[in-house]
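K.L.:
let me see the structure of the following:
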Amino acid sequence: MAKRPRSEFGAIGIENEALGSFVLRPKVTTTVTHDDNIFRTETETDADIFVTFLSSLELRSNWDNHSLSLRAQSTNGRYNELDNEAFDDFQFSGRGRVDASERFSANLAVTFERKHEGRGSPDDEGGAKPTIFFVTTGGLGAKYDGGTVDIVANLKNKRLDYRDNGTANNDDRDRDEVTLKIRTSYEAVPGSKFYFEPSVNRKIYKDDFDDSGVDRDSSGWRLLLGTTLDISAVTFLELGVGYMQQRFEEVSLDTASGFSFEGEAVWNATDLTTLTLSGSRTVEQTTTSGASSYLATKGSIRVDHELLYNLLLDAGGSIKGDRYVGIDRSDDNWQAFFGASYLMNEYFDLRAAYKFNGRRSSEPATDYDDNQFSLRLVGKI
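P.N.:
Reported below is the predicted structural model:
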């Protein structure tokens with residue numbers, strides 16, 4: 001299969017007595033990109049070349065039971081001409097799993113990140129510099145494997161903290177998003193399951209009212225009924241369909257509701273080619289004036305092909321339709337890409353890629369087309 005593991009090209013990791021039963025995995029990635037529309041504007045576009053340096057260090061257990069991993073990562077971007085677009089992102093995370101028995105396990109995950117908002121985001125204020133924000137995520141989960149019946153429960157809290165950008169007051173966007181999801185699966189025949197997945201969420205903003213005097217706190221739920229199908233590593237399908245609703249505290253903000261789905265299909269057409277289809281429909285947050293949220297419907301396709309054992313090709317695309325609730329605005333976001341990855345040895349990978357991003361919107365002067373060409377070198381141990 002095109003995506004099968006290739007152990008001779010995988011990272012070896014560092015193991016010694018000082019690390020005990022842990023493996024240390026360092027990784028450094030350098031990417032050079034030419035972007036012909038940095039600010040995602042419809043006219044008067046600005047092009048530039050930028051270099052991204054990503055370095056990460058992961059410490060992972062190699063125990064027979066239970067697991068623990070710690071990871072630190074930094075991503076630094078520098079532009080040739082547009083110095084104000086430079087960014088310094090980082091991430092620290094920890095994940096652990098306790099296998100209480102052959103059938104029951106519990107897991108805990110914590111992540112702290114500094115990120116920057118991409119140009120072209122519908123909530124980007126167009127400041128002199130990209131908006132910086134921090135994300136703190138904590139998750140607690142449990143899994144029961146009963147053979148015929150499986151139960152997976154996950155509780156997650158995500159805290160977003162946006163920094164002010166020039167005259168823009170981003171405190172209005174600071175919030176906590178709490179989600180509880182429980183999936184119960186029943187295996188009707190080997191390799192085929194049906195599942196029932198209810199979820200609830202609560203979104204609480206730091207400010208009781210934003211600068212326009214609007215309370216954006218909300219509560220929501222979603223119910224999916226679905227199936228998973230796994231046929232001898234050739235075909236995998238997971239599809240859930242149902243209904244969702246997000247209701248807002250502010251009476252002037254319209255309730256978002258409607259059909260929801262989530263799914264992925266993987267088909268290993270040959271030993272060399274893999275086709276992947278995925279899609280979803282969700283309710284997303286926004287601070288666009290007058291809108292409570294938007295319904296995001298996304299579909300994507302990807303093809304991976306093994307031209308040679310160590311030369312992999314991939315291509316694909318996606319379309320995402322955003323329909324705003326409460327205002328007359330709709331955005332269609334397009335993406336297409338193709339690339340080639342050369343697995344040099346267990347220490348280095350080389351990749352060349354092209355990516356197109358575009359938007360067509362009913363909002364005046366927000367359309368754009370963007371083309372990116374990149375060359376990436378990955379160094380790993």
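K.L.:
roughly how far is stretch 73-83 from the heart of the chain?
P.N.:
Relative to its chain's centre, stretch 73-83 lies at 21 Å (CA atoms, centre = their mean, to the nearest Å).
K.L.:
now do residue 177: how many residues are near it, please.
P.N.:
Counted with other CB atoms under 10 Å, the neighbours of residue 177 add up to 16. C-beta here means a position set from N, CA and C on the backbone, and glycine is covered the same way.
K.L.:
got the CA positions of the helix or strand where it lies in CSV?
P.N.:
In the assignment (DSSP states H and E), residue 177 maps to strand 175-189. The C-alpha trace of strand 175-189 is given here as CSV (Å, rounded to 0.1, in the frame of the first residue of the first chain):
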residue,chain,number,x,y,z
ARG,A,175,-13.2,31.7,25.4
ASP,A,176,-13.4,28.2,26.8
GLU,A,177,-14.8,25.4,24.7
VAL,A,178,-15.9,22.3,26.7
THR,A,179,-17.0,19.1,24.8
LEU,A,180,-18.1,15.7,26.0
LYS,A,181,-18.4,12.9,23.4
ILE,A,182,-19.5,9.3,24.0
ARG,A,183,-19.5,6.7,21.3
THR,A,184,-21.1,3.2,21.7
SER,A,185,-20.3,0.7,19.0
TYR,A,186,-21.8,-2.7,18.2
GLU,A,187,-20.0,-5.2,16.0
ALA,A,188,-22.7,-6.9,14.0
VAL,A,189,-20.2,-9.0,12.0
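K.L.:
quick one: average pLDDT of it?
P.N.:
For strand 175-189, the mean per-residue pLDDT is 96.
K.L.:
helices and strands around it, which ones?
P.N.:
strand 149-162, strand 192-205 (3 or more CB pairs under 8 Å, 6 or more residues apart in numbering; DSSP states H and E).
K.L.:
now the helix or strand that comes right after the last one: how far from the chain's centre is it?
P.N.:
Right, the one you point to is strand 192-205. Next helix or strand after strand 192-205 toward the C-terminus (DSSP H and E): strand 218-231. Mean C-alpha position of strand 218-231 versus that of the full chain (CA atoms, centre = their mean) differs by 18 Å.
K.L.:
what packs against strand 218-231?
P.N.:
Going by 3+ CB pairs under 8 Å, 6+ apart, strand 218-231 lies up against strand 192-205, strand 235-248, strand 256-267.
K.L.:
please convert these to a markdown table, extending it with distance to residue 158 and mean neighbour count.
P.N.:
Shown next, in a markdown table, are the helices and strands packed on strand 218-231 (distance: least, CB to CB, whole Å; neighbours: other CB atoms under 10 Å):
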| stretch | distance to residue 158 | mean neighbour count |
| --- | --- | --- |
| strand 192-205 | 10 | 17 |
| strand 235-248 | 16 | 17 |
| strand 256-267 | 18 | 17 |
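K.L.:
and those strands as JSON lines, adding distance to residue 331 and mean pLDDT?
P.N.:
JSON lines is the format used below for the helices and strands packed on strand 218-231 (distance: least, CB to CB, whole Å; pLDDT from 0 to 100):
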{"stretch": "strand 192-205", "distance to residue 331": "21", "mean pLDDT": "97"}
{"stretch": "strand 235-248", "distance to residue 331": "18", "mean pLDDT": "97"}
{"stretch": "strand 256-267", "distance to residue 331": "15", "mean pLDDT": "97"}
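K.L.:
can you give me the buried ones in the strand holding residue 177?
P.N.:
Judged by neighbour count (16 or more other CB atoms under 10 Å), strand 175-189 contains these buried residues: 175, 177, 178, 179, 180, 181, 183, 184, 185, 187.
K.L.:
and the furthest pair within the residues you listed?
P.N.:
With CB to CB as the measure, no two of the buried residues of strand 175-189 lie farther apart than 175 and 187, at 38.4 Å.
K.L.:
need the helices and strands packed on strand 175-189 in TSV with distance to residue 10, can you?
P.N.:
Converted to TSV, the helices and strands packed on strand 175-189 look like this (distance: least, CB to CB, whole Å):
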stretch	distance to residue 10
strand 149-162	28
strand 192-205	30
